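# missing the sequence, but the structure's below:
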Ligand SMILES: [Zn+2]
């Protein structure tokens, strides 16, 4: 498991193109596009991923910040007691997941524990470059990744489990993620070329998106904060040998998933049987990715509070809503523009509204759009909201019948509040038969739209 702090899926797309290309094209990675965090910061999202519980369910709260984390049942203990060699590595020892305003571990949590070395380095300012990203001529990210690579080589023929989490480079700067592209892509290419992924599952992930700065005041920033990157890479032979699991993994790329699901998947990897149970209860909070996550899963089912929930909800608009006519008019204008653009105005009638059948709005919930901040992890946890929603984007699903010809159309149009502009969101569907009405034109789009003169 190789984690990078504060990298949303979209920031990964923008700033890690080489790594992304290697993961998707060479390693056939499963990228979870609906992977939603379940709590605010690193600690409270990594605990669900590695214990299957919320922090308060461990149980832990701030009163225990002086007590070490040794007693809790982290997944690396399960691996260790099943005979796996273990590694635990974090870069910045001050930001350590279990050390930042917390007590950490009394006994090293893994056979190979990077922290003593990280502390020794941190204590000697003279070895660091001024930006604190390099020790001498070595990039800190590379040092950690090499440590893990060494473990992978050493234990290539026996079971091992490694948990890495790197914060320093990406935690405070959304653009620094670009500097992480080369070290991670090099790492993945190296371990792939050396055959180290032939018997290993690689999980490349983040805990949440950027939690600081101006981007959080934007709609896209709110979505990115909640949607970290998550990739799972299995050996190529695994995909062939277990087609049912592979099919489910592929379906789950576009389902709502969370750190709780990663925990269940880790257990399925550790206690692997190759079977798929198949009867998943949608109410179950964590579901292994080897099972098909139900399409009906909601944030509520998955243990995601409304202010973290990026799922959109749909409701019918009343015909006195200002967007009711605006979205219908946009669609009709767009359709008529197609006749102009394709030089068929002498063949097709201009279309006018016959009847609006329905307009549905699809939008994010108010709590997400008004979210301001969350304070404290357990005791006195307070979530505060702004009075106003952040300017966002809405999708309107429009169903109309147009004249002449009584063509029935359905389409989604997108409205961006920041610009006040509509655009099309996908194709236009023609939902009744058009028979010979459009024989005078060619092409599938015009065939759907045109009513010949
Ligand atoms: Zn974090």
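Structure received. No experiment lies behind these values; they were computed from the predicted model shown.

# for the closest residue to the ion within the stretch 1-150 of the chain, what are its contacts?
Closest to the ion within the stretch 1-150 of the chain is residue 42: 3.1 Å, counting by CB to the ion. Just so you know, the C-beta spots here come from the backbone N, C-alpha and C atoms, and that holds for glycine as well. Residue 42 sits next to 5, 95, 97, 165, 167, 207, 208 when contact means CB atoms under 8 Å, 6 or more residues apart in numbering.

# what subset of these is also close to the ion?
Filtering the contacts of residue 42 for proximity to the ion by CB under 5 Å from the ion leaves 5, 207.

# Specify which member of the contacts of residue 42 is nearest to residue 254.
Residue 254 has its nearest neighbour among the contacts of residue 42 in residue 208, at 20.2 Å by CB to CB.

# Just to check, the closest one is in contact with residue 228?
Yes: counting by CB atoms under 8 Å, residue 228 is a contact partner of residue 208 at 5.2 Å.

# between those two, what contacts are shared?
8, 37.

# Mind listing what's buried along the lengthiest strand in the chain?
Within the chain, and with DSSP state E defining each element, the longest strand by residue count is strand 352-364. Within strand 352-364, the residues that count as buried by 16 or more other CB atoms under 10 Å are 356, 359, 361, 362, 363, 364.

# Tell me the gap between the helix or strand just after that strand and the middle of its chain.
Using DSSP states H and E, the next helix or strand after strand 352-364 towards the C-terminus is helix 366-370. Computed by CA atoms, centre = their mean, to the nearest Å, the chain-centroid distance of helix 366-370 equals 19 Å.

# Within the sheet, what are the partner strands of whichever helix or strand comes after helix 366-370, with directions?
Moving toward the C-terminus from helix 366-370, the next helix or strand (DSSP H and E) is strand 371-375. Strand 371-375 pairs in its sheet with strand 382-385 (antiparallel), by DSSP bridges.

# Need the mean per-residue confidence for the strand it pairs with.
Averaging pLDDT along strand 382-385 yields 96.

# And for stretch 301-321?
On average, stretch 301-321 scores 96.

# gap between the two ends of it?
Taking CA to CA, to the nearest Å, stretch 301-321 runs 32 Å from one end to the other.

# And that stretch, what's buried?
301, 302, 303, 304, 307, 308, 309, 310, 311, 317.

# tell me which parts of the stretch 301-450 of the chain are close to the ion?
Counting by CB under 5 Å from the ion, the stretch 301-450 of the chain has no residue next to the ion.

# Over in the stretch 301-450 of the chain, which residue gets nearest the ion? Let me know.
residue 377 (12.5 Å).

# isn't that residue right next to residue 63, touching?
No: counting by CB under 8 Å, residue 377 does not reach residue 63; the two are 11.5 Å apart.

# quick one: which of these two has more around it?
A direct count of neighbours by other CB atoms under 10 Å for residue 377 and residue 63 places residue 377 higher, at 22 against 9.

# quick one on the thing from earlier: figure out how far the longest strand of the chain is from the centre of its chain.
The answer for strand 352-364 is 30 Å, by CA atoms, centre = their mean.

# And for it, what's in contact with it?
With CB under 8 Å, 6+ apart, strand 352-364 has contacts from 222-223, 310, 312-317, 319, 321, 323-324, 327-328, 332, 392, 394-403, 406, 408, 412.

# When you filter the residues you listed down to buried only, what's left?
Buried by 16+ other CB under 10 Å: 222-223, 310, 317, 323-324, 327-328, 332, 392, 394-402, 408, 412, out of those.

# picking that back up, list the strands paired with the longest strand of the chain, with their directions.
Partners of strand 352-364 in the sheet, by DSSP bridges, are strand 312-316 (antiparallel), strand 393-403 (antiparallel).

# so where's the stretch 101-250 of the chain uncertain?
When residues are selected by pLDDT under 70, none of them lie in the stretch 101-250 of the chain.

# Spell out which parts of it neighbour the ion.
Counting by CB under 5 Å from the ion, the stretch 101-250 of the chain sits next to the ion at residue 207.

# Quick check, the residue in the stretch 101-250 of the chain closest to the ion?
Per CB to the ion, residue 207 is where the stretch 101-250 of the chain lies closest to the ion, at 4.3 Å.

# got the phi/psi numbers for that residue?
Backbone torsions for residue 207, taken as degrees, to the nearest 10, come to phi -100, psi -30.

# quick thing: my sequence starts at 108, can you match it?
All right, first residue 108 from here; so that's residue 314.

# doesn't residue 335 make contact with it?
Yes: here residue 314 reaches residue 335: they are 5.9 Å apart, a contact under CB under 8 Å.

# shared neighbours of these two, which are they?
In contact with both residue 314 and residue 335: residue 144, using CB under 8 Å, 6+ apart.

# before we move on, back to that, closest one to residue 454 among the strands paired with strand 459-471?
Closest among these, using CB to CB: strand 500-510, at 16.3 Å.

# does residue 346 count as helix, strand or coil?
Following DSSP: H, G, I helix; E, B strand; the rest coil, residue 346 is assigned to helix.

# give me the element the residue nearest to it when sequence neighbours are not counted is part of.
Among residues not flanking residue 346 along the chain, residue 353 sits closest, at 4.6 Å (CB to CB, 6 or more residues apart in numbering). Assessed by DSSP H and E, residue 353 sits inside helix 350-359.

# ditto for residue 439
Counting by DSSP H and E, residue 439 is found in helix 429-448.

# got the buried residues for that helix?
430, 431, 434, 435, 437, 438, 439, 441, 442, 443, 445, 446.

# Contacts only, for residue 507.
Counted by CB under 8 Å, 6+ apart, residue 507 has contacts 435, 438, 439, 460, 461, 462, 463, 464, 515, 516.

# And the last one, its phi and psi?
Think residue 516. Here is the backbone geometry of residue 516 (degrees, to the nearest 10): phi -130, psi 150.

# Okay, and the beta partners of it?
With DSSP bridges as the rule, residue 516 is bridged to residue 507, residue 537.

# I'd guessed it sits against residue 536; true?
Yes: with contact defined as CB under 8 Å, residue 516 and residue 536 form a contacting pair (6.8 Å).

# So for the two, which residues contact both of them?
residue 555.

# what's residue 445 in contact with, if anything?
Contacts of residue 445 (CB under 8 Å, 6+ apart): 552, 553, 556.

# any idea which of the residues you listed has the most stuff around it?
Of the contacts of residue 445, with other CB under 10 Å as the count, residue 556 tops at 26 neighbours.

# Thanks a lot, catch you later.
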